[in-house]
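Asker: Just a sequence and a predicted model for now, questions to come.
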Amino acid sequence: MKNWIKKIFKNDRTQQENHPATDGMGSAMMSSSQAEKMVQMINKTQEVELTCDEVHDLLGEFAQMALRNENPAKLLPLVSQHLELCPDCREEYDALMQILQADPLE
């Protein structure tokens, strides 16, 4: 199962545990928000994608490019695409950028 599918369902897990919906045969049903998120992710799926581990290996380089005012999205398009789709990796990147941009005198 793709990581992004797990992430879609992780966000709604608490809601399902409190109010599980079934299809009448005991199988859990997908909420409309989960279905919408899945369709959006499928529409953005590319033939070649990076895993979270691969992106983590490139985050430092991606961040340094951004700090040098280069275009990391153009130079590392697969990393950029992954960051658009993966909230966990985006959070890691944003945290790294905050650290790199912090004033060392503060």
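Answerer: In hand now; what should we look at?

Asker: where does this structure have low pLDDT?
Answerer: Scanning the chain with the threshold set as pLDDT under 70 gives 1-28, 105-106.

Asker: Closest to the centroid, which residue in it?
Answerer: The centroid of the chain falls nearest to Cys86 when counting by Cα atoms, centre = their mean (0.5 Å).

Asker: roughly how far apart are it and Lys74?
Answerer: With distances taken as Cβ to Cβ, to the nearest Å, Cys86 is found 19 Å from Lys74. Where C-beta positions appear, they are placed from N, C-alpha and C, glycine not excepted.

Asker: what's the answer for Thr51, then?
Answerer: Distance from Thr51 to Lys74, counting by Cβ to Cβ: 21 Å.

Asker: More neighbours: those two, which one.
Answerer: Neighbour count, other Cβ atoms under 10 Å: between Thr51 and Lys74, Thr51 has more, with 13 against 9.
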